[in-house]
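**Student:** 3D model of this:
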Amino acid sequence: MGPLRYAVTAVEVRGCLHLKTCATHAGRDGAGDPLIIVDPRHVDPGIFAGARTLSVAPEDGDAANTVRAGDTLLIAARHPALSDALAARAFTLAELDTSEFRKAEAALSCLSLIAMDAG
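**Tutor:** Numbers count the residues shown, from 1 in each chain. Below is the predicted model of the structure:
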C-alpha cells in the first residue's frame with residue numbers, strides 16, 4: 001500500500017497497444033461484484049484477483065475495450081455474445097457502431113476523454 005493508500009500492480013500485456021485495449025472495468029454486476037472484461041490472448045485474467053472476469057472470444061477482437069459512462073456501459077455493437085453476457089448480468093448497455101473507427105485500429109477507449117468535476 002502506497003502513501004495515497006493505493007496498491008499498484010504491473011500488468012503485462014501481449015500483442016496489443018495498451019491495457020485498455022484488452023481489459024476494462026465494466027462496473028458492478030447485478031450481484032454487486034466488480035467485473036473486468038478481458039481478452040485472454042493479451043492479458044492473463046488471473047491478474048485481476050478479487051474481481052470477476054468475463055473473457056471475450058478470440059474472434060471478438062476489440063470486444064474487451066469498453067467505456068463506462070455513468071450507469072451505462074458503452075460497447076461496440078458488433079459483439080452480440082458480449083452484449084448478451086453483460087445483459088444477463090444486469091448491465092445497462094449502449095451498443096455503438098464503431099466500424100469506421102476500427103479501420104484505423106481505434107476502439108472506444110481511444111475515442112473517449114474522461115472529465116472530472118473539479119467541484
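**Student:** Distance from the lengthiest helix in the chain to the middle of the chain?
**Tutor:** The helix spanning the most residues in the chain, taking DSSP state H as the definition, is helix 80-88. Computed by C-alpha atoms, centre = their mean, to the nearest Å, the separation of helix 80-88 from the middle of its chain amounts to 13 Å.
**Student:** Against residue 83, how distant is residue 92?
**Tutor:** Residue 92 is 12 Å from residue 83, where distance means C-beta to C-beta, to the nearest Å. Backbone N, C-alpha and C define where each C-beta goes, glycine included.
**Student:** do residue 62 as well
**Tutor:** Residue 62 is 14 Å from residue 83, by C-beta to C-beta.
**Student:** thinking again about what came up before, and the helix or strand just after the longest helix of the chain, what does it pack onto?
**Tutor:** Where DSSP states H and E defines the elements, the next helix or strand beyond helix 80-88 is strand 92-96. The contact analysis (3 or more C-beta pairs under 8 Å, 6 or more residues apart in numbering; DSSP states H and E) places strand 92-96 against strand 72-76, helix 80-88.
**Student:** Export those as TSV, with columns for mean pLDDT and distance to residue 30.
**Tutor:** Listed next are the helices and strands packed on strand 92-96 as TSV, based on pLDDT from 0 to 100; distance: least, C-beta to C-beta, whole Å:
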stretch	mean pLDDT	distance to residue 30
strand 72-76	91	13
helix 80-88	92	9
